[in-house]
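Undergrad: Quick one: sequence and predicted model below, then my questions.
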Amino acid sequence: MRPAAQDWSWRYTRDTQQAEFLEALWNSSLERHREIDEGSLIWRAHIGNHWQPEQVGDTEEEFPCPFSPERMKPLHDRSTEGRANAKGIPHLYLSTVRGTAIAEVRPWLGVYVSVGQFKVVRKLTVVNCTGNNDLFTVYFEEPDALEKQRAVWRDIDEAFSKPITPSEDAADYVPTQVVAELFRAPGLDGIGYRSSLGPGHNIVLFDLDAADLVNCSLFEEAGTEAGTPSQMTLQIGQGSRYLVRPSGR
C-alpha cells in the first residue's frame, strides 16, 4: 500500500525535496504498522460537562453529569486545529491509560472532565510513531542511513507528544498534520505516539466511527500544590456515570 502520486498534494503543496522526504518516510513506516484488535478499550477525556435537573424536596436543582455520547466525539462542524488534524477535519484523540487521557486535556482547579471509555469496532492498522526519546545524540560525523532514520522518528514522536500550549499558533501544527495526512491518504486508520504527561500511549484515529463510546464518567480536578500531579475526584451520584447500549453493529 503506497500513496498515489496525486496524494502528495492532498492538502499541502510540497516541493521536490519535501516530496522525496515524505516518500522515504512512508517507506520507513512500513515496518512500523501495528494492528489494534477489534474490541480493544481506550480512553478519551473532554473538558466540561452537562447539567441534569433533579428534584430535591420541593426544589429542582441542577447537578453535574458527563457530556452526552454525541459530545464525547469531535463535532464535525466545529473541529479545531490539532496535532494531527487541520481545522474542519476532525480526528479522534485517545489514550491507552485513563489517567493519561485526563492529563492530556490539562484540567485546572475545580473543572469537570467527562471521561469516556471507547471500544474499537474493527481491526485497525496504525503507524507506531514512538521513538527512543531518552537518547540525546550529538553527531561529530555524518550518521549512517539507519541512524538518520531513527533520528527522524525520534523527532516525529517528540513533535506529536509535546503538550499543546495556548500560545501556539495554528501554523505550528502543520508539520505533524502533514505527517498524519501522509498516513491517512492510503487508508491507514491512525497513528500512535507516546505521551509526555503520563504512562501508555496516545492514539489518533482518522475515522470518528472506528471506536464507539461504551461508558462515560464525570471527574473533578481536586487541585494540588503547584508542580505536583493532578488529582481527579470521581463524582458519585445520580447521573454522574452512564453506559451506552450497543448499536448492533
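TA: Here it is on my side, so go on.
Undergrad: What strands line up against the longest strand along the chain, and which way round?
TA: Scanning the chain for the strand with the most residues, using DSSP state E, yields strand 211-221. Strand 211-221 sits in its sheet next to strand 112-120 (antiparallel), strand 232-234 (antiparallel), strand 241-243 (antiparallel), going by DSSP bridges.
Undergrad: Tell me where this structure has strands.
TA: Listed in chain order, the strands of the chain (DSSP E) span 33-36, 41-47, 50-56, 59-65, 92-95, 112-120, 124-128, 190-194, 201-205, 211-221, 232-234, 241-243.
Undergrad: Is the closest residue to Glu54 other than its chain neighbours bridged to anything, and to what?
TA: Using CB to CB, 6 or more residues apart in numbering and skipping the chain neighbours, the partner closest in space to Glu54 is Phe63 (5.6 Å). Any C-beta I mention is one placed from the backbone N, CA and C, and that applies to glycine too. Using DSSP bridges, the beta-bridge partners of Phe63 come out as Gln52.
Undergrad: how close does the residue at minimal distance from the centre of the chain get to Lys119?
TA: Nearest to the mean C-alpha position of the chain, counting by CA atoms, centre = their mean, stands Tyr93 at 2.5 Å. Distance of Tyr93 to Lys119, computed by CB to CB, to the nearest Å: 16 Å.
Undergrad: Return the most buried member of the strands paired with strand 211-221.
TA: Highest mean neighbour count of these: strand 112-120, a mean of 22 (counted as mean count of other CB atoms under 10 Å).
Undergrad: and that strand, how far out from the chain's middle?
TA: Distance of strand 112-120 from its chain centroid, counting by CA atoms, centre = their mean, to the nearest Å, is 12 Å.
Undergrad: hey, which helix or strand in the chain has the poorest pLDDT?
TA: Ranking every helix and strand in the chain by mean pLDDT, DSSP states H and E puts strand 232-234 at the bottom, with a mean of 68.
Undergrad: Local confidence estimate at the residue nearest to the centre of the chain?
TA: The model reports Tyr93 with a pLDDT of 97.
Undergrad: Also Arg11?
TA: What the model reports as pLDDT for Arg11 is 56.
Undergrad: ok, of the strands of the chain, where does mean pLDDT dip lowest?
TA: Per-stretch mean pLDDT for the strands of the chain is lowest at strand 232-234 (a mean of 68).
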